[in-house]
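J.: This is a predicted model, with the sequence first.
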Amino acid sequence: MSGIRIGRRVRAWAPGRVNLIGDHTDYTGGLVLPMAIDLGTRVEGTSGGELVWLTSAVDDLPAEVPIDIADPMSVQPSWARYVAGVVSQVRPAAGFDGSVTTTLPVGAGLSSSAALEVALALALGFEGTPLELAKVCQSAEHVASGVPCGIMDQLASAAGVEGHALLIDCHELTVEPVPLPPDLAVVVLNPGESRKLAGSAYADRRHACNRIELVTGPLREASLADLAKLDDPVLMRRGRHVITENERVRELAEALARGDGGAAGEAMWASHVSLRDDYEVSTPTLDALVDALRDTPGVFGARLTGAGFGGCVVALTEPGAIPWASPVTASAGARIER
């Protein structure tokens, strides 16, 4: 991180993300295919003082965090814990007085917390590569929420490429932009079922993968045959999702590269079934929406997006196939606005 000039006015913006495919694979070092979107979070203010003080357009209570914060999880209100997490990892030389605004629906699975973390880190003066920025913000979320998230959300926000999805190898930490065909639309549908990972079974799913890998070795390298070594049918289903989801990420990336909406959609339908049945992170509301989209002309595929337990559905469609829903576009990554 570079030094901060006291009194400097700063505007930083970071996009949310929608994950086209590859859920619950990042924390086992697998493959994901998200894209940064044209909805995001802006942090604006002036550096100086000993506190990071931020108002939020979506919360009545401000965040008030000392720059030497030791325990982010002790901070109130709850949204301020993410601010405290970033402060604890960036360790800015000076505080910050400003505001947070967002066009992202909070709790919808579009990485509103990651967008806040990335934008705030930039506003506090962090300088580094998108990967370095993502690592700092991933650590911030760990200490702020206690949720052992993978790096996908923060890296998609930091490294977004306009007009492209991102094929991310979460073990090698490489990012390969995948162009999105102009005749395909990405639509996010929010049924209004809010979710919070800190109150979900997300950590249980990650712990299950840790148990599986004690027997099979790294899931990113495992085959379905390796799961026969397990004697727990629940763990077998969890492992089957991760292994087959990694394969579907490759299939979808290749289908997009050749403009094959039908093949891309088949991978998305299969992903939702796997998340519903093998990983058990879907909900009746999300299932009903995906089922309805199966019968909608012009929809190639749809699935829940994000970690599940609520949130949104992402669909790949012909332009205008869902006239009551607006498509999202693939955005560039986080930036300081001049």
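T.: Yep, that arrived.
J.: What residue, apart from its backbone neighbours, is nearest residue 82 spatially?
T.: For residue 82, the nearest residue in space outside its immediate sequence neighbours is residue 144; the separation is 4.9 Å by Cβ to Cβ, 6 or more residues apart in numbering. All C-beta atoms are positioned from the backbone trio N, CA, C, and that covers glycine.
J.: Secondary structure element holding that neighbour?
T.: Remark: residue 144 resides in helix 130-145, with elements defined by DSSP states H and E.
J.: same for the very next helix or strand once past that helix, what does it pack against?
T.: Where DSSP H and E defines the elements, the next helix or strand beyond helix 130-145 is helix 152-159. With contacts taken as 3 or more Cβ pairs under 8 Å, 6 or more residues apart in numbering; DSSP states H and E, helix 152-159 sits against strand 9-21, strand 31-47, helix 112-123, helix 130-145, strand 164-169.
J.: Make a markdown table from the ones you listed and add distance to residue 305, mean pLDDT and mean neighbour count to it.
T.: A markdown table is the format used below for the helices and strands packed on helix 152-159 (distance: least, Cβ to Cβ, whole Å; pLDDT from 0 to 100; neighbours: other Cβ atoms under 10 Å):
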| stretch | distance to residue 305 | mean pLDDT | mean neighbour count |
| --- | --- | --- | --- |
| strand 9-21 | 5 | 96 | 26 |
| strand 31-47 | 9 | 96 | 24 |
| helix 112-123 | 13 | 96 | 30 |
| helix 130-145 | 18 | 96 | 22 |
| strand 164-169 | 12 | 98 | 24 |
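J.: and residue 314, which of those is closest to it?
T.: Set against residue 314 and scored by Cβ to Cβ, the helices and strands packed on helix 152-159 come closest in strand 9-21, at 5.2 Å.
J.: The closest one pairs with which strands?
T.: Paired strands of strand 9-21, with direction, are strand 31-47 (antiparallel), strand 335-336 (antiparallel) (DSSP bridges).
J.: nearest to residue 261, of the ones you listed?
T.: For the strands paired with strand 9-21, proximity to residue 261 was assessed by Cβ to Cβ; strand 31-47 is nearest, at 14.9 Å.
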